[in-house]
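Asks: Build me a model from this:
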Amino acid sequence: MQNFQFPFERLMKTQLPADIQQLVAAAEQVADKAYAPYSHFKVGAALLMEDGSMITGSNHENASYPVGICAERAALATLDMNNNANKVRAISVTYKPTGHTHNNPVAPCGMCRQAILEVQQWQGQPIAIYMYGPDGEVIYVENAAFLLPFAFGGSDLNADKA
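Replies: This is a model prediction of the structure:
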């Protein structure tokens with residue numbers, strides 16, 4: 001049986017470059033805006049664009065669970081995917097512990113991994129992911145594709161272009 005492996009780093013927030021520290025801070029701040037009355041798990045995400053601007057999003061739950069949206073997809077939904085000029089360099093995701101006892105970095109769910117990968121494929125360059133925990137630890141992955149091995153993409157839908 002073959003194994004799937006990929007590189008990642010464990011760092012502290014203070015070891016990150018200044019622009020990435022700002023990205024993580026933006027995700028922390030927007031987590032306060034999350035609407036999480038059921039799980040009490042407030043998540044924030046921030047996108048760092050090539051021009052240095054940031055786009056943020058927080059999770060919004062709903063009593064009808066499938067209607068909610070994760071922070072990562074909330075941020076990604078505001079991208080202008082008709083304009084390929086300003087690409088996503090990195091995404092940071094974190095959470096506010098409200099009744100949770102661990103401080104581990106949080107990773108995007110499977111649906112968000114697929115959404116991030118779709119944007120990465122659309123823009124034709126990797127998106128770095130910074131998963132941040134409230135104690136300051138960061139897990140850094142340089143390419144979103146690493147988090148979704150055997151991914152499904154647009155080329156799977158059109159056999160003529162594959």
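Asks: low pLDDT regions in the chain?
Replies: 100-101, 159-162 (pLDDT under 70).
Asks: Show me the helices in this structure, by range?
Replies: Counting by DSSP state H, one finds helices in the chain at the ranges 18-31, 71-76, 110-123.
Asks: Turn those helices into CSV, columns for mean neighbour count and distance to Ala45.
Replies: Just so you know, the C-beta spots here come from the backbone N, C-alpha and C atoms, and that holds for glycine as well. Listed next are the helices of the chain as CSV, based on neighbours: other Cβ atoms under 10 Å; distance: least, Cβ to Cβ, whole Å:
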stretch, mean neighbour count, distance to Ala45
helix 18-31, 19, 6
helix 71-76, 25, 4
helix 110-123, 18, 8
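Asks: Adding distance to Phe41, write the ones you listed out as TSV.
Replies: Formatted as TSV, the helices of the chain follow (distance: least, Cβ to Cβ, whole Å):
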stretch	distance to Phe41
helix 18-31	10
helix 71-76	10
helix 110-123	14
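Asks: Among these, which comes closest to Tyr65?
Replies: Ranking these by proximity to Tyr65 (Cβ to Cβ) places helix 110-123 first, at 12.4 Å.
Asks: What is the distance between that closest one and the centre of its chain?
Replies: 9 Å (Cα atoms, centre = their mean, to the nearest Å).
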